[in-house]
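1. let me see the structure of the following:
(4 chains)
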Number of protein chains: 2
Amino acid sequence: MVAGPTSAGPGKDRLRLWIRLLRASRTIEAELRERLKKEFDTTLPRFDVMAALYRSPEGMLMSDLSRFLLVSNGNVTGIVDRLVSEGLVARARRNGDRRTSMVRLTEEGSTSFAAIAAAHESWVGELLGNVSEDEARRLTGMLKSFRSNWEGRE
Amino acid sequence: MVAGPTSAGPGKDRLRLWIRLLRASRTIEAELRERLKKEFDTTLPRFDVMAALYRSPEGMLMSDLSRFLLVSNGNVTGIVDRLVSEGLVARARRNGDRRTSMVRLTEEGSTSFAAIAAAHESWVGELLGNVSEDEARRLTGMLKSFRSNWEGRE
DNA sequence: TCCTAAAACTTTAAGCTTGAAATAATTGCC
DNA sequence: GGCAATTATTTCAAGCTTAAAGTTTTAGGA
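-> Numbers count the residues shown, from 1 in each chain, chains lettered A, B, ... in the order given. Next up, the predicted model:
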């Protein structure tokens, strides 16, 4: 997914865009992953889950998490398992429906995440440093619109 | 990496951009991966390696591959191993330096890849369908410039 | 009620991914 | 030549990821 088109032709510009998009996100992702590891001894998937839960103090269902994070169900199970075993996240059985479990950050998880999130935001600011705030808004708008057309159609 | 900023403030626009970028590439990547699996019974990493090799008929070193694909050395070893065992890729020991091995597509690998690449390109054209060719070029330019500032500095 | 289908989640197998340690070969300096 | 440092690659352990199959629970009819 990282090699470019070898010739010109119709549709090549979209392919080139896709390659660029992918290389950009992989590069940034790699840098963030490395810093999360070095500075906080954690991983991107853990960060993702905690970020989602931080936004929902009331908790989230496992299926909400997997839908929101765009990953499979089974995937979330493993990551949450590890976070639970480290005391950062708690599962709570609900009275209403015994199939589901409400997942939320513990006190410790919440405190821990707040520190990581602050660093994370400043890293992103640094890594995207030569995109002006104005340009960032325009790019964001373009990305928003081109996604909405087909995403989640199936 | 997929949850957004929870408040406004300086730097938030860059964070929002990063979230968008990541969600866009993850969504497209997931769709492409699913189609590669269904239509050609292959995976994205295999496709990546074959795409890189297709552009270099003379072959590539393992370290070239890992640098180009933005993944670790050990990673490439495993993927190439599997491709070799399927007869799509061949390793050739070089005379000059016995530490290195030149990796290249076999005849079969090359034929196989050409078909997959054609489908892949049309999928990308479809998935990015409502980005005009012109807009695609502009976005590509923006992505190119914002990356070059810090990438590969360490 | 009973029973089929659906929903929420976990488990499993296979493969991907990283960083670190290990192996093997080459280079450069004395 | 000998030997330390470097380079190219593989191996390893741990964790991530998916799709598919399995478990438990709920819901909706006949």
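
2. count residues in the vicinity of the closest residue to A:L61 other than its chain neighbours, would you?
-> Counting by Cβ to Cβ, 6 or more residues apart in numbering or on different chains, the nearest residue to A:L61 once its immediate chain neighbours are dropped is A:T100, at 5.3 Å. C-betas here are computed from N, CA, C, even on glycine. Using other Cβ atoms under 10 Å in any protein chain shown, A:T100 is surrounded by 15 other residues.

3. all helices for chain A, in order.
-> Per DSSP state H, chain A carries helices over the ranges A:12-40, A:44-54, A:62-69, A:73-85, A:107-127, A:133-148.

4. who are the packing partners of the third one?
-> By that I understand helix A:62-69. The contact analysis (3 or more Cβ pairs under 8 Å, 6 or more residues apart in numbering or on different chains; DSSP states H and E) places helix A:62-69 against helix A:44-54, helix A:73-85, strand A:101-105.

5. identify the bridge partners of A:A92.
-> A:M102 (DSSP bridges).

6. wait, what's in contact with the closest residue to A:L139 other than its chain neighbours?
-> Sequence neighbours aside, B:L17 is the residue nearest to A:L139 in space, at 5.5 Å (criterion: Cβ to Cβ, 6+ apart). Neighbour list for B:L17: A:L128, A:V131, A:A136, A:R137, A:L139, A:T140, A:L143 [criterion: Cβ atoms under 8 Å, 6 or more residues apart in numbering or on different chains].

7. single out the most deeply packed of the helices of chain A.
-> Most buried of these by mean neighbour count (mean count of other Cβ atoms under 10 Å in any protein chain shown) is helix A:44-54; its value is a mean of 22.

8. if you look at that helix, does any of it touch chain B?
-> Yes - if you take Cβ under 8 Å from any Cβ of the partner chain as the test, helix A:44-54 does meet chain B, through A:L44, A:F47, A:D48, A:A51, A:A52, A:Y54.

9. return the distance of the first one relative to A:E31.
-> So that's A:L44. Counting by Cβ to Cβ, to the nearest Å, the separation of A:L44 from A:E31 is 11 Å.
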